[in-house]
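> Return a 3D structure for these sequence lines:
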Amino acid sequence: MDTGSTSTLIHFIDCQYDGLAVPDWSIQSGDSWCVFGRNGSGKQLIDQLLVGEVMPSHGVVERTLGADQIALISFERQQATYEEEWRLAATDIIPEDECGTRVVEFLPRQRLEDPLIDQLNMRHRLQAFYRELSTGESRKLIVLKALLDEAEVLICDNPFDSLDQGTVQALSEAFRLAVESGVAVILLLSNRSDIPEWVEKFGHAEAGLLTAFEGKRERQVAQLEAAMDTRAIVQPGIPEDAIRLEAYGAPHIAELNQCTVRYGDRNVLDALTVKIAPLQHTLVTGDNGAGKSTLLGLITGDCMQCFSNDVSVFGHRRGSGESVWDIKRQLGLVSNDLHRRYTVRCDALSVVCSGFFDSIGLYDTPTELQIRLGREWLRAVDMTDQAEKPFQSLSYGEQRLVLIARAMVKSPLLLVLDEPTQGLDELNRERTLGFMSAIEARRHSTLLFVSHRQDEFLPLFKQHIHLTLNF
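Next up, the predicted model:
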């Protein structure tokens, strides 16, 4: 690309679509944009308009490049790829002894020696199948594909979520270098702490209106700060029906002894021992692909190798004849895998109430008490107005809030939170962390929490487990 001059790539003029208004927004080659907005502010519609998936019902969009020159990096795109891989696995398209598409097949063959693959620490995963990747690794893969395909516009919806700190720095630098080469990079962000120093242009989405600020960087940052909603969060209390944990009698909620999990020729976990006592709130950290979600899967039973390891949960040894439903009844879960798999068509309240039955979708009739508790938890996550809306129609962040309510609704003895704030704006992140502090004060559940964000390493954690990559 010629970096000596700039050209207009996309220009929105008085555009409106499905409640979103974009009065005037011009994107030039080499632009570095941050568009900031809360969950439900319309950011998802913005990326759909940018890539041309939808056309405005009013106004004009001027483009000077084709759809193949625009790359979108979002959790929705990750979800679509994941679902396509499962569809392939359910057909005769791929051999029975394979697990879908390998990582290397997503990348342009002529760029497989590019140093960016090493900078994002993906060289050792090139022969892995897509469905074997962690959420963070699959996020890195779609970023790699976009950069190596040399797209002229990169649209990145909360690109730093679910990534370890080293990868965040490497990815931010890769974006900066792309801007220097003439690529337009548009970051759609929900947390001000994620805004890189190299971003020069700012916009704000709120109540369906996108405002593109003008002037020098300092003036635009001041305009963004002035546009932010600074009202204090009203933290609803935990419903009074929530039970306490003090009656629990076993010495450990979960106990793993010398556990090893192996996929192919790689040990994801190697002779790991972990013990979690009642109310011993535990933080789990580590690099992308280090086995954090696998550790949680051993406890929840979602990793089938729990039966070939020494794993006890709620005092029951896995594989000793215990009822999986008895264990799930005492366990609440928010995870990226659950979010990917929750594709059943039902409304938000039904999703919350499905937590009582540990099901994806609601197939039993909830009691009046369960419905009331479901509504109270929707109120607690500020989603009361969305109770009857289809779950799939909500934004990714709004879906995340509903799944948090689903995990908490039955007052579980163990609350497993695998990056629960992924996709949440800063206000909803603060609200979620407030729940955790309230749970600690109420002696309500034992928390097992995975996070990459240092501002989520709360004092309430009594134990910190850090996992490292095994090559």
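> give me the low-pLDDT residue ranges for the stretch 1-150 of the chain?
1-5, 89-99 (pLDDT under 70).
> All the helices of it, residue numbers only.
Ranges of helices in the stretch 1-150 of the chain, per DSSP state H, counting those that start in this stretch, are 43-51, 75-89, 115-119, 135-148.
> contacting residues around A387?
By Cβ atoms under 8 Å, 6 or more residues apart in numbering, the residues touching A387 are 347-349, 375, 378. C-beta: built from backbone N, CA, C; applies to glycine.
> Narrow those residues to those in helices?
Among the contacts of A387, the members found in helices (DSSP state H) are 348-349, 375, 378.
> May I ask which two of those are separated the most?
Pairwise distances across the ones in helices among the contacts of A387 (Cβ to Cβ) peak at 10.2 Å, for the pair A348 and R375.
> The two: who's more crowded?
A348 (28 against 18; other Cβ atoms under 10 Å).
> could you measure that one against D418, distance?
A348 sits 21 Å away from D418, taking Cβ to Cβ, to the nearest Å as the criterion.
> what does L224 give?
The spacing between L224 and D418, counted by Cβ to Cβ, is 31 Å.
> is it true that H452 touches Q422?
No - assessed by Cβ atoms under 8 Å, H452 is found out of contact with Q422, at 9.3 Å.
> The two: which is more packed in?
Q422 (25 against 22).
> now the more buried one, what's its secondary structure?
Following DSSP: H, G, I helix; E, B strand; the rest coil, Q422 is assigned to coil.
> Tell me who's in contact with the closest residue to it other than its chain neighbours.
In space, and not counting its chain neighbours, Q422 is closest to D161: 4.8 Å by Cβ to Cβ, 6 or more residues apart in numbering. Listed by Cβ under 8 Å, 6+ apart, the contact set of D161 reads 75, 139, 419, 422-423.
> Go ahead and build a ChimeraX selection from the buried members of those residues.
Restricted to buried positions by 16 or more other Cβ atoms under 10 Å, the ChimeraX selection for these reads:
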select :75,139,419,422,423
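> Could you save the contacts of D161 as TSV and add columns showing distance to D382?
Converted to TSV, the contacts of D161 look like this (distance: Cβ to Cβ, whole Å):
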residue	distance to D382
F75	20
R139	26
E419	20
Q422	18
G423	15
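> Count the residues that sit near N267.
N267: 15 surrounding residues under other Cβ under 10 Å.
> So what sits opposite it in the bridge?
Beta-bridge partners for N267, by DSSP bridges, are R262.
> M55 against V61, yeah?
Yes - using Cβ under 8 Å, M55 is in contact with V61, at 7.2 Å.
> could you pull out the strands for the stretch 151-300 of the chain?
In the stretch 151-300 of the chain, strands defined by DSSP state E, counting those that start in this stretch lie at 153-157, 184-189, 201-206, 209-212, 254-263, 266-276, 282-286, listed in chain order.
> Generate TSV for the helices of the stretch 1-150 of the chain, with distance to A67 as supplementary columns.
Shown next, in TSV, are the helices of the stretch 1-150 of the chain (distance: least, Cβ to Cβ, whole Å):
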stretch	distance to A67
helix 43-51	7
helix 75-89	14
helix 115-119	23
helix 135-148	13
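> L209 is nearest to which of those?
Judging the helices of the stretch 1-150 of the chain by Cβ to Cβ, what sits closest to L209 is helix 43-51, at 11.1 Å.
> re earlier: ok, so of the ones in helices among the contacts of A387, who is nearest S393?
For those, the nearest to S393 is A348 (9.3 Å; Cβ to Cβ).
> mind listing what W25 touches?
Residues in contact with W25 (Cβ under 8 Å, 6+ apart) are 11-12, 203, 210, 212.
> thought Y130 was touching G100?
Yes - counting by Cβ under 8 Å, G100 is a contact partner of Y130 at 5.6 Å.
> the more surrounded of those two?
Per other Cβ under 10 Å, whichever of Y130 and G100 has more neighbours is Y130, with 22 against 19.
> any idea how far D382 is from the residue lying closest to L256 once chain neighbours are set aside?
Closest residue in space to L256, ignoring its immediate chain neighbours: V274 at 4.5 Å, by Cβ to Cβ, 6+ apart. Computed as Cβ to Cβ, the V274 to D382 distance reads 34 Å.
> can you check R123 too?
From R123 to D382 the distance is 42 Å (Cβ to Cβ).
> Compare these two and say which one has the larger neighbour count.
Applying other Cβ under 10 Å to R123 and D382 shows that D382 carries more neighbours, namely 19 against 13.
> ok so, going back, right, so of the helices of the stretch 1-150 of the chain, which gets closest to T300?
The minimum distance between T300 and the helices of the stretch 1-150 of the chain falls on helix 135-148, with 15.8 Å, by Cβ to Cβ.
> That concludes my questions; thank you for your assistance.
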